[in-house]
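Trainee: Build me a model from this:
(chains A and B)
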Amino acid sequence: MLFKLNPTEKILLETRSHRFILYSSIGKLITLFTLTLLTFMAVFTFLPPESPLQNVSILVLLIVSLFLWEFAFIVWLDYHLDVWIVTTERIVDIELFGLFRIEVSEFKLSALQDVSVDVRGILHTFFNFGNVHIQTAGALRQFVFEQVPHPHEIKKQILDAYDAHTKDLRLHPHMHQGETI
Amino acid sequence: MFIFALLIFLSLIVIYGTVAAAILYHIKKFEIDRRTATHAIILFIGVSFFLIIAAGIIFFNVPWDDILPETIPFLPRLPYAF
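Mentor: Numbers count the residues shown, from 1 in each chain, chains lettered A, B, ... in the order given. As a prediction, the model looks like this:
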């Protein structure tokens, strides 16, 4: 786990980008592979029979396929490891950049100031996914849940979690040292 | 010329292997659920293995010594540059 839950903390929501984002990236890779295959077929047709370059073109196709296959897994990993988690106490944002940089940021629910939803475009509206912007108090940066499914429900869940947390803060202030409403 | 081609081929496989190792490390480390992780690892290694073996077989069937001097004219003269 990239973050540890406190003993009294519970996960309320765990979300990733909409599957449409994953499928569109995989679709781009499939298009690229199809183009490579078509180029290969064109080259193969124009080469004289028994030409040693035929083997070279097959080799190039295999190597390109190998790297596209690897890239498809990088896309899948990027989709799978970019997670936004809302717990009873905080919001955690885990993001993978490339393969060798992973960023985990979090803030307490008590620092929450504003939540807004941004659904732009035909496909976004049709498949019901978009960005959820979360503004925190002070000079802290804005959190964005990128292209998540059902953004309006997520917004409601975050606000409900905030309400429950502030209520808990008022009732049990000794359990939340250093936190204010 | 065969050695030259072999070096390029092996370099590509090493680059591929490094990234593949990073992918497998991420799948294993970040606790993607066991079933998905197993499927992903089997699929990734299986297809990669097939493609590498196929590429290896094709590679050794290419007459590199005949092709490379014709394709890249400066290559036969390259060793004399040093």
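
Trainee: For the residue positioned nearest the centre of chain A, give me its contacts.
Mentor: Centroid-nearest residue in chain A, with C-alpha atoms, centre = their mean: residue A:82, separated by 3.8 Å. By C-beta atoms under 8 Å, 6 or more residues apart in numbering or on different chains, the contact set of residue A:82 is A:16, A:17, A:94, A:95, A:96, A:146. Where C-beta positions appear, they are placed from N, C-alpha and C, glycine not excepted.

Trainee: Just send the residues you listed back as JSON lines, with pLDDT and distance to residue A:44 too.
Mentor: Listed next are the contacts of residue A:82 as JSON lines, based on pLDDT from 0 to 100; distance: C-beta to C-beta, whole Å:
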{"residue": "A:16", "pLDDT": "90", "distance to residue A:44": "41"}
{"residue": "A:17", "pLDDT": "91", "distance to residue A:44": "38"}
{"residue": "A:94", "pLDDT": "88", "distance to residue A:44": "45"}
{"residue": "A:95", "pLDDT": "87", "distance to residue A:44": "42"}
{"residue": "A:96", "pLDDT": "85", "distance to residue A:44": "38"}
{"residue": "A:146", "pLDDT": "90", "distance to residue A:44": "42"}
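
Trainee: Which ones, among those residues, also lie beside chain B?
Mentor: Among these, the residues lying close to chain B (C-beta under 8 Å from any C-beta of the partner chain) are residue A:96.

Trainee: Which member of the contacts of residue A:82 is positioned nearest chain B?
Mentor: residue A:96 (7.6 Å; C-beta to the nearest C-beta).

Trainee: where does chain A come near chain B, residue by residue?
Mentor: Going by C-beta under 8 Å from any C-beta, the residues of chain A near chain B are A:1-2, A:52-53, A:55-56, A:58-59, A:62-63, A:65-67, A:69-70, A:73-74, A:76-77, A:80-81, A:96, A:99-100.

Trainee: repeat that for 10 Å
Mentor: For chain A, the contact set with chain B under C-beta under 10 Å from any C-beta of the partner chain comprises A:1-2, A:51-63, A:65-74, A:76-78, A:80-81, A:83, A:94, A:96, A:98-100, A:102.

Trainee: Buried subset of these, written for PyMOL?
Mentor: In PyMOL, a selection of the buried entries from the residues of chain A next to chain B looks like this (16 or more other C-beta atoms under 10 Å in any protein chain shown):
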select buried, chain A and resi 53+54+55+56+57+58+59+60+61+62+63+65+66+69+70+71+72+73+74+76+77+78+80+81+83+94+96+99+102
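
Trainee: which ones among the residues of chain A next to chain B are found in strands?
Mentor: Taking DSSP state E as the definition of strands, those contribute A:83, A:94, A:96, A:102.
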